[in-house]
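K.L.:
From the sequence below, what's the structure:
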Amino acid sequence: MRLDLSTLAGLAVALAGILGGQLLEGGSAGSLAQAAAFLIVFLGTLGAVLVQTPLATFLEGIAIARWALVPPAPPQGRVLQQVAGWTAIVRREGLLALEARVPMLADAFSRKGLQLLVDGADAGRLRDILQVDIVGFEERLRRAARVWDAAGGYAPTVGILGAVLGLIHVMENLADPTRLGAGIAVAFVATIYGVGLANLVFLPIGAKLRTLIVQQVVAREMLVDGLAAIASGDHPRLIEAKLEGYLQ
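P.N.:
All right, here's what the predicted structure looks like:
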């Protein structure tokens with residue numbers, strides 16, 4: 001497990017810029033800490049996303065958000081090693097010798113692909129069957145990533161809603177000047193929270209997730225190419241040379 005330092009560095013730089021600018025203008029960092037504004041923006045955005053998104057997709061979007069901080073290791077190198085090992089076994093012992101390797105694979109997609117190969121599926125049929133799985137896998141993860149895009153779209157609007165609520169509070173207390181400052185603070189800070197969370201957290205997380213999803217999809221396509229090449233009887237060095245192109 002390795003942390004993505006670019007994510008941490010980006011958040012640190014963004015926060016430093018905002019807080020540094022606030023201090024340079026003579027303000028205080030504490031003035032940006034408004035629990036009411038945060039509650040309005042956070043729960044309002046959460047509710048809007050839940051209305052838009054099926055619960056299973058929403059939960060998966062939350063689950064894969066950890067990839068922004070701890071991304072999965074690029075799987076292409078592992079796939080290359082797997083396919084090279086399978087190719088060597090086929091040349092030494094024949095195709096059926098791979099059947100004992102199927103239960104050892106942790107990944108269901110890899111198990112399915114290797115089982116199809118052992119069962120004698122030709123390269124074309126193998127590609128057709130596994131491509132359906134790849135399309136479904138990619139679409140499921142992209143729907144999950146769009147949870148964060150949706151949050152990035154709703155947060156600024158909910159922030160404006162918080163600003164309006166703060167101004168309503170101000171108007172209700174015009175006769176009490178001691179309560180005007182708090183209402184105005186909530187109004188403006190809610191807008192900051194909405195725009196800030198959208199552009200510094202939600203939308204960047206969604207974009208990073210899409211990049212990582214592409215890596216996972218490419219690894220599956222690489223595996224399919226390797227299995228199809230074995231099914232076609234290609235020479236191991238040709239298979240390895242072909243798959244190395246995915247490592248560029």
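K.L.:
which SSE is G47 in?
P.N.:
Following DSSP states H and E, one finds G47 within helix 35-52.
K.L.:
err, L130, not the other one
P.N.:
Assigned by DSSP H and E, L130 belongs to helix 123-172.
K.L.:
any idea how far that helix is from the chain center?
P.N.:
Mean C-alpha position of helix 123-172 versus that of the full chain (C-alpha atoms, centre = their mean, to the nearest Å) differs by 10 Å.
K.L.:
Which positions in the helix or strand where S6 lies come out as buried?
P.N.:
Assigned by DSSP H and E, S6 belongs to helix 5-24. For helix 5-24, a neighbour-count test (16 or more other C-beta atoms under 10 Å) marks T7, Q22 as buried. Glycine gets a C-beta too; all of them are placed from N, C-alpha and C.
K.L.:
what does that helix rub up against?
P.N.:
Helix 5-24 has contacts (C-beta atoms under 8 Å, 6 or more residues apart in numbering) with S28, A29, S31, L32, A68, L69, G196, L200, V201, P204, K208.
K.L.:
By mean pLDDT, flag the weakest helix or strand of this structure.
P.N.:
Lowest mean confidence among the helices and strands of the chain (mean pLDDT, DSSP states H and E): helix 180-197, at a mean of 80.
K.L.:
what's the following helix or strand after it?
P.N.:
Using DSSP H and E, the next helix or strand after helix 180-197 towards the C-terminus is helix 203-231.
K.L.:
Send me the helix holding S6 as CSV with only the CA atoms.
P.N.:
C-alpha atoms of helix 5-24 as CSV (Å, rounded to 0.1, in the frame of the first residue of the first chain):
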residue,chain,number,x,y,z
LEU,A,5,1.7,12.0,-2.6
SER,A,6,0.4,14.1,-5.4
THR,A,7,-3.1,14.1,-3.9
LEU,A,8,-1.8,15.0,-0.4
ALA,A,9,0.5,17.7,-1.9
GLY,A,10,-2.3,19.1,-4.0
LEU,A,11,-4.7,19.4,-1.0
ALA,A,12,-2.0,20.9,1.1
VAL,A,13,-1.1,23.5,-1.5
ALA,A,14,-4.7,24.4,-2.1
LEU,A,15,-5.4,24.8,1.6
ALA,A,16,-2.2,26.8,2.2
GLY,A,17,-3.2,29.1,-0.6
ILE,A,18,-6.7,29.8,0.7
LEU,A,19,-5.6,30.1,4.4
GLY,A,20,-2.5,32.1,3.5
GLY,A,21,-4.6,34.5,1.4
GLN,A,22,-7.1,34.9,4.2
LEU,A,23,-4.3,35.7,6.7
LEU,A,24,-2.6,38.2,4.3
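K.L.:
For this protein, which residue occupies the most central location?
P.N.:
L209 (2.5 Å; C-alpha atoms, centre = their mean).
K.L.:
wait, what's in contact with that residue?
P.N.:
When contacts are counted by C-beta under 8 Å, 6+ apart, L209 is found next to I64, A65, W67, A68, L141, A144, A145, W148.
K.L.:
Just to check, the first one is in contact with A145?
P.N.:
I take that to be I64. Yes - assessed by C-beta atoms under 8 Å, I64 is found in contact with A145 at 7.1 Å.
K.L.:
neighbour count winner among these two?
P.N.:
A145 (23 against 19; other C-beta atoms under 10 Å).
K.L.:
So the more buried one sits against I213, correct?
P.N.:
Yes - the criterion here is C-beta under 8 Å, and A145 meets it with I213 at 6.3 Å.
K.L.:
Could I get the average pLDDT for the helix holding L130?
P.N.:
When pLDDT is averaged over helix 123-172, the result is 91.
K.L.:
same for it, what does it pack against?
P.N.:
Helices and strands touching helix 123-172, by 3 or more C-beta pairs under 8 Å, 6 or more residues apart in numbering; DSSP states H and E, are helix 35-52, helix 55-64, helix 108-118, helix 180-197, helix 203-231.
K.L.:
SS state for A106?
P.N.:
Classification of A106 by DSSP: H, G, I helix; E, B strand; the rest coil places it in coil.
K.L.:
Many thanks, have a good one.
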